[in-house]
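> Sequence first, predicted model second:
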Amino acid sequence: MNKIKVLVVDDHDLIVLAIRQVFSKVPDVKLMGIAKDGDEAFQKTSDLRPDVIILDISMPGMDGIILTRKITHDFPETKVVLHSALVSEEFIVSGFEAGAMAFVPKNFKPGQLIEAIRTVMKGEHYSKGFVSEILIENFLKNKNRRDGLNHRLTDRETEILGAITEGMSNQQMADNFCISVRTVEAHKSNIMKKLKISTTAGLVVYAIKNKIVKI
């Protein structure tokens, strides 16, 4: 049987002991090592090349979110499971955005940590209970925000906004879209009114920040 090689990153001895006990009863999981801080974890990841890292968010030195981003970038074959007592929308969303494939709060049942390990080894994300609720709520909130912005601007206005972010002049936009300069100015005026922004620089910042256009 090929065992799943796991590195545990946590500076709390009791948590590490509890995880050891859980792993000792699971035939397909092997504990490869323990790291107490972010720097040690990154080095051991490089040396041991574990399949999965069980990673706390709050620890000395490099925090878990930054470490997740570094590991998933430098060692994409290694899956990150965040295992933390810090449970909030900010940490959960930031963790998944950084590349983690699972988030298991420390107050969850031990069996769910094993379930998470096996799930991410299949290339699937894992979240249960209120973690899933937070992720769904965040997705819907962002979707509603994007949909609201898209419905607010017409297709032509979105094209004009894109041209503005590229630094095109009114004349260049008129030539590009085969319309008059006066029509371009009218579109810009409508965009500013709809978005309640009074400067071209403000439009550029708003468009980039809200990902209305790609640059």
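Everything's here; your move. Numbering: from 1, shown residues only.

> Next SSE downstream of the lowest-mean-pLDDT helix or strand in the chain?
Among the helical and strand segments of the chain, the one scoring lowest on mean pLDDT, DSSP states H and E is helix 130-152, with a mean of 56. Next along the chain after helix 130-152, taking DSSP states H and E as the criterion, comes helix 155-165.

> helices or strands next to that following helix in the packing?
helix 170-177, helix 181-195, helix 200-209 (3 or more C-beta pairs under 8 Å, 6 or more residues apart in numbering; DSSP states H and E). Backbone N, C-alpha and C define where each C-beta goes, glycine included.

> so what's the spatially most central residue of the chain scoring on pLDDT?
The centre of the chain sits closest to Glu97, judged by C-alpha atoms, centre = their mean, with a distance of 0.6 Å. At Glu97, the pLDDT value in this model is 82.

> again, but for the one 5 residues further on
In the predicted model, Ala102 carries a pLDDT score of 89.

> wait, doesn't it sit right on Val120?
Yes - the criterion here is C-beta atoms under 8 Å, and Ala102 meets it with Val120 at 5.3 Å.

> more neighbours, the two?
A direct count of neighbours by other C-beta atoms under 10 Å for Ala102 and Val120 places Ala102 higher, at 27 against 22.

> how close does that one sit to Gly38?
Note on Ala102: its distance to Gly38, by C-beta to C-beta, to the nearest Å, is 19 Å.

> For Leu86, give me its contacts.
Contact partners of Leu86, counting by C-beta atoms under 8 Å, 6 or more residues apart in numbering, are 57-58.

> which SS state does it fall under?
What DSSP: H, G, I helix; E, B strand; the rest coil gives for Leu86 is coil.

> Okay, it and Ile57: tell me how far apart.
Counting by C-beta to C-beta - Leu86 and Ile57 are separated by 5 Å.

> Now do the contacts for Thr45.
7, 53, 71, 75, 78.

> Surely the second one is within a strand?
It stands for Ile53. Yes - under three-state DSSP, Ile53 sits within a strand.

> quick one: it and Ile4 touch, right?
No - using C-beta under 8 Å, Ile53 makes no contact with Ile4, being 11.4 Å away.

> Compare those two and say which is more crowded by neighbours.
Shown here are Ile53 and Ile4; by other C-beta under 10 Å, Ile53 has more neighbours (31 against 20).

> can you pull the pLDDT of the more buried one?
97.

> Same question for the host helix or strand of Ala41: list its buried residues.
Taking DSSP H and E as the criterion, Ala41 maps to helix 38-48. Across helix 38-48, burial judged by 16 or more other C-beta atoms under 10 Å covers 38, 40-42, 44-45, 48.
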